[in-house]
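A.B. asks: Just to be clear, the model below is a prediction. Sequence and coordinates:
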Amino acid sequence: MVTLEQIDELRKRVNVSYEEAKKTLEKNDGDLIKSIIELEKKKGRKDERKGSFTNAANRLLALKLSIKNRDGNTLLNVPLVLVVLTFLMSFWTVIVLLVMALLTSCQINVYRDKGVNMHNIKQNVKKTVDKIKDKSEEIFKDDEEETEDTDDEPENEIIIE
């Protein structure tokens, strides 16, 4: 027999519906720990599927287009997605550039870069935002200190005698 207190406790710990909590507790004969473990495993599988966008983005960003001149110097190294988007927006520009690369004996490669990771990009963006936030707080703090120092003299006052 499963009690309402057990269902509430399971819901509080794993964040599931009453129905799912009740079914899991009944399946595990009211054992709260087994039910928590089972639901966390299910939730982990769901979270993996949610990460499919990130996985797809990682695979798309890993495809790169590289153009090298005769000497082996890299002229262009960009994600292939960017080339395709540019192609869609400016068809003739991309065609002309590719023809010029072929006429000048450039080597065009499409390859998969293993170092690109969407998670790393997210972390870099977060670090940058945090730095901007910290710097802006410093600026506002410095501005407040300056206004406190100059409170003795009224600003924006014109005296005509």
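C.D. replies: Sure thing, it's come through. Numbering: from 1, shown residues only.
A.B. asks: My guess is Lys22 contacts Thr3. True?
C.D. replies: No - Lys22 is beyond contact range of Thr3, at 10.2 Å (criterion: C-beta atoms under 8 Å). To be clear about C-beta, it is placed using only N, CA and C from the backbone, and glycine gets the same treatment.
A.B. asks: Look at the two and report which has more neighbours.
C.D. replies: Lys22 (18 against 10; other C-beta atoms under 10 Å).
A.B. asks: Distance check, that one against Lys141.
C.D. replies: 53 Å (C-beta to C-beta, to the nearest Å).
A.B. asks: Then Asp134?
C.D. replies: 11 Å.
A.B. asks: Also Ile7?
C.D. replies: To Lys141, Ile7 is 50 Å away according to C-beta to C-beta.
A.B. asks: Quick check: which helices or strands does the longest helix along the chain pack against?
C.D. replies: Counting by DSSP state H, the longest helix found in the chain is helix 118-149. Helices and strands touching helix 118-149, by 3 or more C-beta pairs under 8 Å, 6 or more residues apart in numbering; DSSP states H and E, are helix 52-62.
A.B. asks: Export the helix it packs on to PDB, keeping only CA atoms.
C.D. replies: C-alpha atoms of helix 52-62 as PDB (Å, rounded to 0.1, in the frame of the first residue of the first chain):
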ATOM      1  CA  SER A  52      20.200  16.100 -29.300                       C
ATOM      2  CA  PHE A  53      20.100  19.700 -30.500                       C
ATOM      3  CA  THR A  54      23.500  20.300 -28.900                       C
ATOM      4  CA  ASN A  55      24.800  17.100 -30.500                       C
ATOM      5  CA  ALA A  56      23.500  18.100 -33.900                       C
ATOM      6  CA  ALA A  57      25.000  21.600 -33.500                       C
ATOM      7  CA  ASN A  58      28.300  20.100 -32.600                       C
ATOM      8  CA  ARG A  59      28.300  17.900 -35.700                       C
ATOM      9  CA  LEU A  60      27.300  20.800 -38.000                       C
ATOM     10  CA  LEU A  61      29.900  23.200 -36.500                       C
ATOM     11  CA  ALA A  62      32.600  20.500 -36.800                       C
END
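A.B. asks: From here on, call the first residue 451.
C.D. replies: With the count now opening at 451, the last piece we talked about shows up as helix 502-512.
A.B. asks: strands paired with the next helix or strand after it, and their directions?
C.D. replies: Following helix 502-512 in sequence order, the next helix or strand is strand 513-518 (DSSP states H and E). Strand pairing for strand 513-518, using DSSP bridges, gives strand 524-529 (antiparallel), strand 557-562 (antiparallel).
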